[in-house]
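Novice: Fold the following and give me the result.
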Amino acid sequence: MNPQITHTVHLVRPGDCNHYGSLFGGTAMAWMDEAAFVAATRHARAKVVTVHADAMDFRQPVPQGSIVELVSWITQVNTSSMRLEVEMWVEPMERQERTLACRAGFVMVAVGMDGRPRPVPPLPQT
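Specialist: Numbers count the residues shown, from 1 in each chain. Alright, predicted model coming up:
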């Protein structure tokens, strides 16, 4: 398993869905932001905050009762900021199938105890 890739999993429950029985867009955005936060925190080992989210590309609805896997990874590191990509994959519980449902980019900044940006380590060389 690549330590630079973070995986998180959610079950799509009735309270996560709209009246059409599909995942609320706002919930999808929150889950993706959280996945980016976890990946950035693992890299920086510091408090991180979201400073930017790219346009989210919703490709298909995510039905109630699905398993959602969020895959996040850092694509670029600057002095105190990290650019991340997050993909949301959906799979029905009754069959082994995965489909990309949503994708977005995020920028997170590491901050120190004083709330000011602090340096983060560079990405490991591959």
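Novice: was I right about R103 contacting M56?
Specialist: Yes - taking contacts as Cβ atoms under 8 Å, R103 lies within contact range of M56: 7.4 Å. Where you see a C-beta, it was placed from the backbone N, CA and C, and this is true even at glycine.
Novice: Tell me where this protein has strands.
Specialist: With DSSP state E, the ranges of strands along the chain come out as 5-11, 47-53, 57-58, 67-77, 81-91, 99-111.
Novice: least reliable of those going by mean pLDDT?
Specialist: Least confident of these, judged by mean pLDDT, is strand 57-58 with a mean of 93.
Novice: and the residue nearest to Q4 when sequence neighbours are not counted, how many neighbours?
Specialist: Excluding the flanking residues, the one nearest Q4 by Cβ to Cβ, 6 or more residues apart in numbering is W73, at 5.7 Å. If you count neighbours by other Cβ atoms under 10 Å, W73 ends up with 17.
Novice: Enumerate the beta-bridge partners assigned to W73.
Specialist: I5, E85 (DSSP bridges).
Novice: so what's it up against?
Specialist: Neighbour list for W73: 2, 4-6, 39, 84-85 [criterion: Cβ atoms under 8 Å, 6 or more residues apart in numbering].
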